[in-house]
Every structure is written in C-alpha cells, then in structure tokens.
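Novice: Fold the following, please.
(one chain, ligands or ions: 1)
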Amino acid sequence: MLDSLNFTELTLHIILSRRHHMQRLVISSSLDPDSRSRLMARHAVAALEELGQPVDWLDLQETPLPMCDGSTVYGTSEVIQVADRVRTAQGIILAAPVYNFDVNAAAKNLIELTGRAWQDQVVGFLLAAGGQSSYMSIMSLANSLMLDFRCLILPKFVYATGQSFKGDQLTDSMTVSRITELAESLANVADAVLKA
Ligand SMILES: Cc1cc2nc3c(=O)[nH]c(=O)nc-3n(C[C@H](O)[C@H](O)[C@H](O)COP(=O)(O)O)c2cc1C
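Specialist: Got it, this is the predicted structure:
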C-alpha cells in the first residue's frame with residue numbers, strides 16, 4: 001500500500017502512525033453515570049490535549065467488559081481490543097472510585113483482563129472518594145502493577161472527595177491544578193522512559 005502513496009501522503013501516514021503510537025491513554029473506570037472520578041478523568045484529557053498530546057479515551061461505561069474468569073474471556077474481541085489499547089499507550093492515567101478501601105471492582109477487573117499489556121507502563125492515578133481517610137486505597141493496585149508488571153507509578157497522584165465538586169462540576173482549583181501537574185508528569189516521564 002505504501003508504494004502507491006505520493007510524498008505528501010507518505011509524510012502524513014508517518015506523522016499519523018507516530019501520533020497513534022504516542023497516544024496517552026486515560027481510563028475512567030467508574031460505572032456511576034454521575035461519577036466524580038470520570039469528571040477528573042475528563043480534566044486529565046483536557047490537560048493532555050492542552051499540552052498537544054494525542055489522547056485515547058477509554059470509559060468503562062461506554063465499553064463494558066466481561067468479568068474475568070481467568071480463562072476463555074481472554075479470547076474475546078472486546079478484551080483483545082482493550083488490551084491492545086493498554087499495550088500501545090505511552091503512559092496511562094487510571095481514574096477510579098474508592099470502594100471498600102480499594103478501587104472499584106470494574107478497575108480491578110480491567111487489570112485482571114489486560115494483565116501483561118501493562119508491562120513497563122508509566123501509570124498515574126486519579127481517585128474519587130467519600131472521605132479523606134481512604135487516601136491510601138490505591139496502594140494495593142499500585143503495588144500489583146509495580147511488582148507484577150514493572151510499571152512506573154507516578155507519585156503525583158490526585159485524590160478528591162465530594163468537597164472538590166459542585167453538582168456536575170469539579171470546582172476545586174487545587175484539584176484541577178494537581179490533575180494538570182499529573183498530566184504533565186505523565187507526558188514527560190513516559191517520553192523519558194521511551195528514550196531511555
Ligand atoms: C460500594 C461503595 C463503597 C465505598 N467505599 C468507600 C470507601 O471505602 N472510602 C471512601 O472514602 N469512600 C467510599 N465510597 C464513596 C465513593 O468513593 C464516592 O462516592 C466516590 O465519589 C465514587 O467515585 P465515582 O463518583 O467516580 O463513582 C464508597 C461508595 C460505594 C458505592
């Protein structure tokens with residue numbers, strides 16, 4: 001196919017395929033239609049786009065996934081496609097709700113389904129919670145990604161409670177600026193890791 005392209009088309013093809021490979025993946029894992037972590041994830045997308053970064057958006061409300069059975073599910077097309085998006089991303093921001101001092105089951109299920117696709121990824125987290133005291137709830141998942149799949153976990157993690165929101169808006173400027181910092185960090189660190 002490449003043989004038939006003229007110079008301009010070929011240049012465009014190279015730029016577009018590079019852009020595809022340079023995509024940052026932002027995942028929203030809450031299944032609540034009024035999700036707050038989803039709002040945080042949308043801010044992360046906006047911050048990355050502001051930096052000129054191509055973004056792939058994966059919302060588990062729009063892309064429902066089967067429960068992991070550790071067996072036949074790995075052969076399903078939706079799991080193969082999502083694993084591919086995780087594998088090809090250059091940096092991932094995972095937004096999740098805190099449920100029972102952990103991330104919600106949908107986020108955990110995504111990791112169970114896509115496991116090795118996370119190998120050597122740079123990962124940042126956005127967490128929405130009901131109260132301040134659950135702020136270490138991400139550690140179990142972070143440790144698993146770090147130890148199982150050698151992920152580089154960004155320390156700039158953002159945790160927000162209901163106080164940061166009014167209605168369907170993220171209103172706390174500190175939370176917004178921390179999300180921007182996380183987005184910058186993701187792009188910088190993922191690029192540095194790629195060059196190393
Ligand atoms: C089943 C369930 C368990 C929860 N467990 C916790 C918890 O352990 N700690 C906490 O701070 N908030 C907890 N919450 C509150 C949620 O973290 C909070 O509503 C958050 O906004 C959910 O994120 P989302 O709006 O993106 O869905 C829980 C909520 C539900 C529904």
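Novice: and the chain, which residues reach the ligand?
Specialist: By C-beta under 6 Å from any ligand atom, the residues of the chain that approach the ligand are 30, 32, 35-38, 97-101, 128-131, 134. (Glycine included, C-beta is placed from N, CA and C.)
Novice: Give me the buried subset of the residues you listed.
Specialist: With burial judged by 16 or more other C-beta atoms under 10 Å, the buried subset of these is 30, 35, 36, 37, 38, 97, 98, 99, 128, 129, 134.
Novice: Throw the residues you listed into a markdown table and include pLDDT, thanks.
Specialist: Output for these, formatted as a markdown table (pLDDT from 0 to 100):
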| residue | pLDDT |
| --- | --- |
| 30 | 98 |
| 35 | 98 |
| 36 | 98 |
| 37 | 98 |
| 38 | 98 |
| 97 | 98 |
| 98 | 98 |
| 99 | 98 |
| 128 | 98 |
| 129 | 98 |
| 134 | 98 |
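Novice: so where do the helices sit in the chain?
Specialist: Using DSSP state H, the helices of the chain run over 7-21, 36-50, 77-88, 105-114, 139-149, 173-195.
Novice: buried sites along the fourth one?
Specialist: When you say that, I think you mean helix 105-114. Under the neighbour-count criterion of 16+ other C-beta under 10 Å, helix 105-114 has 106, 107, 108, 109, 110, 111, 112, 113, 114 buried.
Novice: For residue 81, see how far away the residue lying closest to residue 152 once chain neighbours are set aside is.
Specialist: In space, and not counting its chain neighbours, residue 152 is closest to residue 122: 4.8 Å by C-beta to C-beta, 6 or more residues apart in numbering. Remark: distance between residue 122 and residue 81 (C-beta to C-beta, to the nearest Å) = 22 Å.
Novice: between the two, which one's more packed in?
Specialist: Neighbour count, other C-beta atoms under 10 Å: between residue 122 and residue 81, residue 122 has more, with 24 against 11.
Novice: show me the contacts for that one.
Specialist: Neighbouring residues of residue 122 by C-beta atoms under 8 Å, 6 or more residues apart in numbering: 90, 91, 92, 151, 152, 154, 186, 189, 190, 193.
Novice: Are any of those buried, and if so which?
Specialist: For the contacts of residue 122, buried by 16+ other C-beta under 10 Å: 90, 91, 92, 151, 152, 154, 186, 189, 190.
Novice: Quickly name whichever of those residues is closest to residue 140.
Specialist: Distance to residue 140 across the buried ones among the contacts of residue 122 (C-beta to C-beta) is lowest for residue 151, with 13.7 Å.
Novice: For that closest one, give me its contacts.
Specialist: By C-beta under 8 Å, 6+ apart, the residues touching residue 151 are 118, 119, 120, 121, 122, 123, 145.
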